[in-house]
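I'd like to go over a predicted model; first the sequence, then the structure.
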2 protein chains.
Amino acid sequence: MNMPDPTPPDPAKPAAPSDAVAQALSLAIHRHRIAPGTKLGEDELAEIYGVSRTVIRAALQSLAHLRLVDIRRNRGAFVAQPSRQEAREVFEARELLEPRTARSAAAHAKPADIARLKRHIADEHAALAAADNGRAVHLSGLFHVEIARIAGQGTIAGFVETLIARSSLIVALYWHRESALCERHAHDALLRAIEQGDGPRAEDLMRSHLVDLHSALDLSHRSAPARSLKEALET
Amino acid sequence: MNMPDPTPPDPAKPAAPSDAVAQALSLAIHRHRIAPGTKLGEDELAEIYGVSRTVIRAALQSLAHLRLVDIRRNRGAFVAQPSRQEAREVFEARELLEPRTARSAAAHAKPADIARLKRHIADEHAALAAADNGRAVHLSGLFHVEIARIAGQGTIAGFVETLIARSSLIVALYWHRESALCERHAHDALLRAIEQGDGPRAEDLMRSHLVDLHSALDLSHRSAPARSLKEALET
DNA sequence: GCGCACAAGGTTGTATACAATCCTGCGGCT
DNA sequence: AGCCGCAGGATTGTATACAACCTTGTGCGC
């Protein structure tokens, strides 16, 4: 007699349309297909995705909670533009949380987890080779989220997820350095440490990786955002 | 010539109805006026607050993002019932974040902040004296949020806020020990350390305070939830 | 020419109506 | 008796209609 699983698999449950829209928008933002500051009109989105404004509003509210979009009452929703102060805060928070999750991930990682991380890194390399910068940034973020997930701390993983979502915007606004090579080696090294179960090393690598990223941001001037929307979303 | 404040006071801006509803519900949950597991029917709430279901749905979605309520597709919204595993995670996360914020708060606290904290503690004592346990738990949580705010790390403060919201549910479900006196002294001592700008001491006090709280939880059996709703909300 | 008041258009906020799904209770079958 | 299947009612999900607000452009007055 075993207790029933409180959350059974439910494999064939149709996902909510609002979640689908939110994920589509989220992806577009993460891949830098929509610039920070872009207005997300409700009618426009409703037309694009073929659903009613009700669904669009739910999706936008969801993204607003992740701080990916900024909803101003009676004004509309805009892709968020984190300030320099917010950018600092986000990276400080990451530097506080992620080294810990990396250590924990090294302790808990199962072979399947390692395999997934390896696939991620392969995808990253492919995106870099194709010079698809938006996709590379997106995958790089997913790598961090995956590590937090493996750490078995769902709560903290959720926080990391929102931090990385915002990091994507921050990179879009303030990234300066050209080479993303540092990332590549950093992620490789992290994976090795986790694979070997070397927690302290994973923690150190994560910390220095984040410091690298943080220092690669240019907080003195802001790049130009804003462009059309429908164009950015189709295909 | 001074830069305009990016977020001006806006004193006379009418708050969104959905936010008002969300806050009212949040308060009721925090004060343990609605038990975990209670169903929150949309029509019922719409009637109670005199708004349409549209507004209620927005409020519920907002609370769902804070993990205060659990929305199951086509089933409805229920006050969340964190599992023991989630309870552990929440307190582990708090033990990671809050000591840091306490130290930072000690470094940044201004006289006005100290005064606000003192008022909070006075309110707490009053609630305890009136044997209003729900209110005492709520105020105790606000004290922690206030400290995170003072630390000047809005991002982390936001995380702490959600963690404390969930802590309130966890306390409702798993609290065992009778005396809340520990809290009282702990908060007093924390305030003194912050007032004196003694960061390391504030950090230590916060850590041990959280460990105390964590160890006061009973993770072996769950208390009985569920009761009516309208009754719990009126007055 | 510059600035302000006001109207028109457009977008968001809210309410309501309809559709889809789930839960409950009853009836029949094994 | 116990279990399965099936309506009926109720609740949630989605779409649409209306109201409130903001934005923009025009024209008058200074």
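Sure thing, it's come through.

avg pLDDT for the longest helix belonging to chain A?
Counting by DSSP state H, the longest helix found in chain A is helix A:84-108. The average pLDDT within helix A:84-108 is 92.

and the angle from that helix to helix B:84-108?
Angle of helix A:84-108 versus helix B:84-108, following axes from the mean of the first three to the mean of the last three CA atoms, to 10 degrees, is 140 degrees.

by contact count, what packs against helix A:84-108?
Helix A:84-108 sits against helix A:133-150, helix A:154-174, helix A:181-195, helix A:199-215, helix B:84-108, helix B:154-174, with contacts defined as 3 or more CB pairs under 8 Å, 6 or more residues apart in numbering or on different chains; DSSP states H and E. The C-beta positions use only the backbone N, C-alpha and C, and glycine is treated the same way.

ok now the third one, how far from the chain's centre?
Its chain's C-alpha centre and that of helix A:181-195 lie 18 Å apart, by CA atoms, centre = their mean, to the nearest Å.

Return the distance of the spatially most central residue of chain A relative to DNA strand D.
What sits nearest the mean C-alpha location of chain A, by CA atoms, centre = their mean, is A:Ala165, with 3.7 Å. Distance, A:Ala165 to DNA strand D, using CB to the nearest atom of the strand, to the nearest Å: 23 Å.

is it true that that residue touches A:Leu68?
Yes. With contact taken as CB atoms under 8 Å, A:Ala165 and A:Leu68 are classed as touching, separated by 5.4 Å.

ok, now which ones touch A:Ala59?
A:Ser18, A:Asp19, A:Val21, A:Ala22, A:Leu25, A:Leu45 (CB atoms under 8 Å, 6 or more residues apart in numbering or on different chains).

Tell me how many other residues surround the fourth one.
Residues lying near A:Ala22 (other CB atoms under 10 Å in any protein chain shown) number 22.

on that earlier part again, out of the helices and strands packed on helix A:84-108, which gets the lowest mean score?
For those, where the average pLDDT is lowest is helix A:181-195, sitting at a mean of 83.

Close to chain B: what parts of chain A are there?
By CB under 8 Å from any CB of the partner chain, the part of chain A that sits against chain B consists of A:6, A:13, A:16, A:57-58, A:61-62, A:65, A:73, A:83, A:86, A:89-90, A:92-93, A:96-97, A:100, A:153-156, A:159, A:163.

Just the buried residues from these, in PyMOL please.
Remark: buried members of the residues of chain A next to chain B, expressed as a PyMOL selection using 16 or more other CB atoms under 10 Å in any protein chain shown:
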select buried, chain A and resi 16+57+58+61+62+65+86+89+90+92+93+96+97+100+153+155+156+159+163
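
near DNA strand C, from the residues of chain A next to chain B?
The residues of the residues of chain A next to chain B that also fall near DNA strand C, by CB under 7 Å from any atom of the strand, are A:Arg57, A:Arg73.

List, one by one, the residues from chain A near DNA strand D.
Going by CB under 7 Å from any atom of the strand, the residues of chain A near DNA strand D are A:Ala16, A:Pro17, A:Ser18, A:Val51, A:Ser52, A:Arg53, A:Thr54, A:Val55, A:Ala58, A:Asn74, A:Arg75.

what do you get if the cut-off is 10 Å, keeping everything else the same?
A:14-21, A:42, A:46, A:49-59, A:72-76 (CB under 10 Å from any atom of the strand).

Now do the contacts for the closest residue to A:Gly154 other than its chain neighbours.
Distance criterion CB to CB, 6 or more residues apart in numbering or on different chains; nearest residue to A:Gly154, sequence neighbours excluded, is B:Glu89 at 6.1 Å. Counting by CB under 8 Å, 6+ apart, B:Glu89 touches A:Gln153, A:Gly154, A:Thr155, A:Ile156.

Of all pairs in those residues, which one spans the longest distance?
A:Gly154 and A:Ile156 (7.6 Å; CB to CB).

DNA strand C versus the nearest residue to A:Thr155 once chain neighbours are set aside, what's the distance?
Distance criterion CB to CB, 6+ apart; nearest residue to A:Thr155, sequence neighbours excluded, is B:Glu89 at 4.2 Å. The spacing between B:Glu89 and DNA strand C, counted by CB to the nearest atom of the strand, is 27 Å.

Thanks again, I'm all set now.
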